[in-house]
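Trainee: Let's see this in three dimensions:
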Amino acid sequence: MKEKDGIFKFVAAAMLFAAAACAIVAYWEQIVDLIYAIGDKLEEMGAKNITLPNESDDFDDDADLELI
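Mentor: As a prediction, the model looks like this:
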């Protein structure tokens, strides 16, 4: 009987993890919008040292290197 309890707990944990992953995927755009809204509010409040990543940051990694 203890083996069945362990299996049920494992299945329940796997289903909980899957549900959380589905919720994150389903609401991803709203999550990102919320993060940017929080960043904008912080910027308005004067938190100048907090920055959000920019899309161009992915492409400008080697822009500051000097070619020899």
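
Trainee: What ranges does this structure have for its helices?
Mentor: 2-26, 28-45 (DSSP state H).

Trainee: Go through those helices and find the least confident stretch.
Mentor: Here these differ in mean pLDDT, and the lowest is helix 28-45 at a mean of 90.

Trainee: Could you report the separation of Ile38 from Lys4?
Mentor: Per C-beta to C-beta, to the nearest Å, Ile38 is found 45 Å from Lys4. Every C-beta, even on glycine, is put in place using the N, C-alpha and C of the backbone.

Trainee: Just want to know which of the two has more residues nearby.
Mentor: Between Ile38 and Lys4, counting by other C-beta atoms under 10 Å, Ile38 is the more crowded of the two (12 against 8).

Trainee: Can you list the buried residues in stretch 2-18?
Mentor: Within stretch 2-18, no residue counts as buried by 16 or more other C-beta atoms under 10 Å.
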